[in-house]
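*Asks:* The sequence and its predicted three-dimensional model are supplied below.
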Amino acid sequence: MADDDAGKLVGAAAGGDKEAWRTLVQRFSGLVWSITRAYHLSRADAADVSQTTWLRLAEHIGTIDNPDRVGAWLATAARRECLQNIRANARAVPTDDMTRLDHPTREDNPTEDEVLRAESEREQGLRAKALWQAVARLPLRCRQLLTILIASPPPSYAEVAAALDLPVGSIGPTRARCLQRLRQELAGCI
């Protein structure tokens, strides 16, 4: 989609066109979600921040200065909401959910298939944990870039550039350097 198409969608959505709004959400939800995950929020917090970002767009859709750059506007709003969430959670005191103790989740005698499935899930979990630990050791810019690029659907380079305030032409080379560093981090884990 061209930038002017995004501007037309914003104008139509501001005028009450529900289909234009759905198209905006479909087009940019991967970008917003990837930004929230780049801040290492829990899934629930990332979902809340994503939803709040869309609420902010709904509140301000008629007053956006440059509707053609709605992706950059959403990226900025998502980053601000992430930082606000992090500040709010820093003041929160976590407590344990006692209701989990009342409801056991496994039977006393698991079957062989359940044991094998649990072992496989544990191995996958360990690999995923090692990967995300290696990602966490990367510089912030690399963590943000790689997290945004794995969004589904993948954002365009123009959207990535807007989200991270990078020139479009530097995204590919920066991505290559970040992946090389990630390979080095993972090699240190093996």
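*Replies:* Received it, and whenever you're ready, just let me know what you need.

*Asks:* so where's this protein uncertain?
*Replies:* Scanning the chain for pLDDT under 70 picks out 1-4, 92-113, 115, 189-190.

*Asks:* where along it do the strands fall?
*Replies:* With strands called from DSSP state E, the chain shows none.

*Asks:* Work out which residue lies at the spatial centre of it.
*Replies:* Ser34 (2.3 Å; CA atoms, centre = their mean).

*Asks:* Gly15 and Lys8, how far apart?
*Replies:* Distance, Gly15 to Lys8, using CB to CB, to the nearest Å: 11 Å. Where you see a C-beta, it was placed from the backbone N, CA and C, and this is true even at glycine.

*Asks:* Tell me which stretches of this structure form helices.
*Replies:* 3-14, 18-38, 43-60, 70-91, 99-102, 112-136, 140-149, 157-164, 168-189 (DSSP state H).

*Asks:* Could you identify which of those helices is most buried?
*Replies:* Most buried of the helices of the chain, by mean neighbour count (mean count of other CB atoms under 10 Å): helix 157-164, with a mean of 21.

*Asks:* quick revisit: can you tell me how far the residue nearest to the centre of the chain is from Leu126?
*Replies:* 24 Å.

*Asks:* Provide a list of residues in contact with Pro155.
*Replies:* Residues in contact with Pro155 (CB atoms under 8 Å, 6 or more residues apart in numbering) are Phe28, Gly30, Leu31, Ser34, Gly71, Ile148, Leu149, Ala163.

*Asks:* My read is that the first one contacts Glu159, right?
*Replies:* Yes - counting by CB atoms under 8 Å, Glu159 is a contact partner of Phe28 at 7.4 Å.

*Asks:* what residues are shared contacts of those two?
*Replies:* Gly71.

*Asks:* What's the end-to-end length of stretch 33-43?
*Replies:* Taking CA to CA, to the nearest Å, stretch 33-43 runs 10 Å from one end to the other.

*Asks:* Would you mind pulling the contact partners of it?
*Replies:* 45-47, 49-50, 53, 75, 78-79, 81-83, 85-86, 136, 143-144, 147-151, 155, 163.

*Asks:* rerun at 6 Å
*Replies:* Ala46, Val49, Ser50, Ala75, Ala78, Cys82, Gln144, Thr147, Ile148, Ala151, Ala163 (CB atoms under 6 Å, 6 or more residues apart in numbering).

*Asks:* cool, and stretch 180-190?
*Replies:* Ala130, Ala134, Arg137, Leu138.

*Asks:* Between which two of those residues is the distance greatest?
*Replies:* Ala130 and Leu138 (13.6 Å; CB to CB).

*Asks:* Just the C-alpha atoms of stretch 181-190, please, in CSV.
*Replies:* Provided in CSV are the C-alpha atoms of stretch 181-190 (Å, rounded to 0.1, in the frame of the first residue of the first chain):
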residue,chain,number,x,y,z
ARG,A,181,25.8,-10.6,16.5
LEU,A,182,22.9,-12.9,17.4
ARG,A,183,24.7,-15.9,15.8
GLN,A,184,27.8,-15.0,17.8
GLU,A,185,25.7,-14.8,21.0
LEU,A,186,24.1,-18.1,20.3
ALA,A,187,27.5,-19.7,19.5
GLY,A,188,28.6,-18.7,23.0
CYS,A,189,25.6,-20.6,24.4
ILE,A,190,26.4,-24.0,22.8
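
*Asks:* Alright, that wraps it up for me.
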